[in-house]
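J.: model the structure of this input:
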Amino acid sequence: MSEDKNIKIARLISLEKKTREAKSKDELNFLVVNETREIIDYTTSFLLLKSATDKFHINAISDIASIDRTAPLVTFVESIINHKTKINLKEIESIDLEQFSKKIKKQKPKNIPQYLLCIPIFSPQRGLQGYLLLARNKNFNENENELIQHLSRTYGHAYNTFLTNFSIKNFLKKNFTGKKRWITISVIILIFLFPVRITSTAPVEVVAKNPFLITSPFDGVVKKIIANNNDQTKPGDLLVLLEDIDLSNEFNLAKQSLQVAEKELLRTRQSSFTDNEQKSRLAELVAQVDLKRVELKSAERKLKNSKIYSEKKGVVIVDRKSDWQGKPVAVGEKILTIADPNNIEFLIWLPVKDSIVINQDANTNIFLDINPMSSYKGNIIRSTYEPELSPEEVLSYKLISSFKGNRDTPRIGLRGTAKVYGNRTILFYYLFRKPITFIRQLIGL
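T.: As a prediction, the model looks like this:
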């Protein structure tokens, strides 16, 4: 026996030892594609293992850490092994890629050598598990094939230790043959016909029920909001100041106009005793004085209304207080809200894509983000007929759910997820409602 062959046998024994001591499948893959170079010379090697669909896919490539499955080289190599003429190949075979690429009518990538040695990997218990492909520009000889054939059995035995006992194919053969097939199908149909309540989930927020709105009494500009968010307020507390410079000037001007009109009326009355012409003006001046008094009262009332006071006990709710300063408001425009913290309801934004048929008094379960392990119970009170954009800019239906008071009242402003219950349906429709909707929209039926 030549010295060169003795060295290769020693390397073969060493490689067999490494494969048996591999602690993971990834480690074994690395050894197979890289350490085989100790036994036989090659440029690139590919390891293809059988998938659950009985197709062979590349799991490792020599000198490459990760595999890009969209690469032309990867798809070309996989197409060779999965070709009908090569699938379930049980003997080592050398392939001329130039000729084979013409046969399958696919262009050979430039970055793969011309000759490919296809080595089947057999598991003693499970049979063919994959292929090791060695590529180089020089054809493989018989002596090299003998060594690699012995090594392929070693690899098959090593891979056997990482094979799981469960197989989808064996499971289907076991449970879908003969009488078992019909029993299994019947059980699946019965399960799909099981009645369930159809549900949908949506974002929810705790809001005040029947809140008292503080609105602008006239067209003006907000000077300052005195109350802070979540402040406790009672009747008579100052909440909002409106800009009153123009109102104060208007009041002073109306007051002075009234004084001028009253003095003119007094002077005319005194002159009317001797002058009939002045006497005829009395009725007109009296009307002017009355008009000035009305204008003064109106200016006084507007000046007084520039300070808005609370009319109800509760909690102040104001959005972005700092943004209100200097903001013009129209008459009747809401500035802030006074709410009773113990009188709340739930505002649900049900997305259109998740909408279901909801009856009046439909049950709801509310899971707030602060405590997702427990829920609040409620019933749907009302809902909108037309969808509108939610605060998250999602087209949704607006639902209002009551609060049954089965637990401590949650704080206004808390958010979470609501589970809304609809009509009863079968389990099949519950599971496949969205796929059915998608398919109908796709094919137009």
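J.: please make it C-alpha for all contacts and neighbour counts, starting now.
T.: Noted.
J.: just the pLDDT for residue 86.
T.: Residue 86 is assigned 64 on the pLDDT scale.
J.: start at 15 instead
T.: All right, first residue 15 from here; so that's residue 100.
J.: leaving out sequence neighbours, find the closest residue to residue 354.
T.: Closest residue to residue 354 apart from its sequence neighbours, by Cα to Cα, 6 or more residues apart in numbering: residue 328 at 4.9 Å.
J.: next, count neighbours for the closest residue to residue 442 other than its chain neighbours.
T.: Closest residue to residue 442 apart from its sequence neighbours, by Cα to Cα, 6+ apart: residue 206 at 4.6 Å. Applying other Cα atoms under 10 Å, we find 16 residues neighbouring residue 206.
J.: got it, and residue 142?
T.: Using other Cα under 10 Å, residue 142 has 17 neighbouring residues.
J.: so where's the stretch 115-264 of the chain uncertain?
T.: 138, 177-192 (pLDDT under 70).
J.: do you know the pLDDT at the nearest residue to residue 223 once chain neighbours are set aside?
T.: Among residues not flanking residue 223 along the chain, residue 358 sits closest, at 4.7 Å (Cα to Cα, 6+ apart). With respect to pLDDT, residue 358 has a value of 88.
J.: the stretch 165-314 of the chain: strands as residue ranges?
T.: For the stretch 165-314 of the chain, the strands defined by DSSP state E, counting those that start in this stretch cover 209-222, 226-229, 234-239, 246-247, 252-256.
J.: make JSON lines out of the ones you listed and add mean neighbour count and distance to residue 195.
T.: Formatted as JSON lines, those follow (neighbours: other Cα atoms under 10 Å; distance: least, Cα to Cα, whole Å):
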{"stretch": "strand 209-222", "mean neighbour count": "19", "distance to residue 195": "24"}
{"stretch": "strand 226-229", "mean neighbour count": "18", "distance to residue 195": "66"}
{"stretch": "strand 234-239", "mean neighbour count": "19", "distance to residue 195": "74"}
{"stretch": "strand 246-247", "mean neighbour count": "19", "distance to residue 195": "69"}
{"stretch": "strand 252-256", "mean neighbour count": "20", "distance to residue 195": "75"}
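J.: identify the residues contacting the nearest residue to residue 401 once chain neighbours are set aside.
T.: Spatial nearest neighbour of residue 401, excluding adjacent residues (Cα to Cα, 6+ apart): residue 411 at 4.5 Å. Contacts for residue 411 were tallied using Cα atoms under 8 Å, 6 or more residues apart in numbering; they are 363-366, 369, 397-402.
J.: would you list the phi and psi of the spatially closest residue to residue 381 that is not a sequence neighbour?
T.: Of all residues not flanking residue 381 in the chain, residue 389 sits nearest, at 4.8 Å (Cα to Cα, 6+ apart). For residue 389, the backbone dihedrals are phi -130, psi 160 (criterion: degrees, to the nearest 10).
J.: in contact with residue 57, which residues?
T.: 127, 148-151.
J.: just the buried ones among these, please.
T.: By neighbour count, with 16 or more other Cα atoms under 10 Å, those hold 127, 148-150 as buried.
J.: quick check, nearest of those to residue 44?
T.: For these, the residue nearest residue 44 by Cα to Cα is residue 148; the value is 14.1 Å.
J.: that older thread, redo the buried ones among the contacts of residue 57 as TSV? Include secondary structure.
T.: Shown next, in TSV, are the buried ones among the contacts of residue 57 (DSSP: H, G, I helix; E, B strand; the rest coil):
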residue	secondary structure
127	coil
148	strand
149	strand
150	strand
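J.: out of those residues, which is nearest to residue 234?
T.: Residue 234 lies nearest to residue 127 out of those, by Cα to Cα, at 83.2 Å.
J.: contacting residues for that closest one?
T.: Residue 127 sits in contact with 57, 111, 149-151, where contact means Cα under 8 Å, 6+ apart.
J.: farthest pair within those?
T.: Most distant of the contacts of residue 127, by Cα to Cα, are 57 and 111, 14.4 Å apart.
J.: all strands in the stretch 315-459 of the chain, in order from the N-terminus.
T.: Applying DSSP E, counting those that start in this stretch to the stretch 315-459 of the chain gives strands spanning 321-323, 328-331, 342-343, 348-353, 358-365, 377-382, 390-397, 402-403, 409-415, 429-440.
J.: for residue 106, which non-adjacent residue is closest in space?
T.: residue 133 (4.8 Å).
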